[in-house]
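**Q** Structure for this input, please:
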Amino acid sequence: MTADRYWDDAEVGDECITPSVTVTEAMVNAYAELTGDFTPVHVDEEYAKTTPFGTRVAHGLFGLSLADGLKSRAEYRFLPGMSLGWTWDFKLPIKLGDTVHVKFRVGSMRRTKRAGWGIVVLPSELINQHGQVVQTGEHRLMIPMRPPAGEPA
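**A** Residues are numbered from 1 along each chain as shown. Coordinates of the predicted model:
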């Protein structure tokens, strides 16, 4: 199934692995420009060589942004709803040249008081090319339910 899903189409335990993306210098520089975060470990290789990382690393929130974007490109997607928030931890650095993807699953589901909407919680991991979890957390989404038969979608 590749069409966007209603809340009713999901089941606890459903899993998905997203496409991957390779982190480039241009992407990290663009993120620095966008956010105004020019911390040297992200934008200055000579400085970064003096840090425990030994090289430039991507911004932590850049990793979260990648995770969200990769999820939107996955075959397992929901109809547009509302993001209720993330809990997210940074476990390992993301270095230039790393290739990352997201593995997520439907961890829990519940109906809301608001008619026609349900909430899903998606435990998610951002994983590098070595199979290491570099970032992990949960994304909470409010998703529309399938309209009753006879009502417009």
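**Q** Pro40 is in contact with Lys49, isn't it?
**A** No. With contact defined as C-beta atoms under 8 Å, Pro40 does not count as touching Lys49 (10.6 Å). Any C-beta I mention is one placed from the backbone N, CA and C, and that applies to glycine too.
**Q** The closest residue to Gly60 other than its chain neighbours: neighbour count?
**A** In space, Gly60 comes closest to Phe90 once its chain neighbours are excluded; the distance is 4.4 Å by C-beta to C-beta, 6 or more residues apart in numbering. Residues near Phe90, counting by other C-beta atoms under 10 Å, number 16.
**Q** do the same with Phe78
**A** Neighbour tally, Phe78, other C-beta under 10 Å: 21.
**Q** Can we start the residue count at 750 from this point?
**A** Sure, I'll start numbering at 750, so the last one becomes Phe827.
**Q** ok, it - contacts?
**A** Applying C-beta atoms under 8 Å, 6 or more residues apart in numbering, we find Phe827 in contact with Asp753, Arg754, Tyr755, Trp756, Ala759, Val869, Leu890, Ile892.
**Q** Spatially central, which residue of the chain would that be?
**A** Closest to where the C-alpha atoms of the chain average out (C-alpha atoms, centre = their mean) is Ala816, at 2.3 Å.
**Q** Pull out the buried positions in stretch 892-902.
**A** Buried residues in stretch 892-902, defined by neighbour count with 16 or more other C-beta atoms under 10 Å: Ile892, Pro893, Met894.
**Q** now do stretch 847-866
**A** Asp847, Val849, His850, Val851, Phe853, Val855, Gly856, Met858.
**Q** End to end on that stretch, go ahead and measure it.
**A** End-to-end distance for stretch 847-866, by C-alpha to C-alpha, to the nearest Å: 37 Å.
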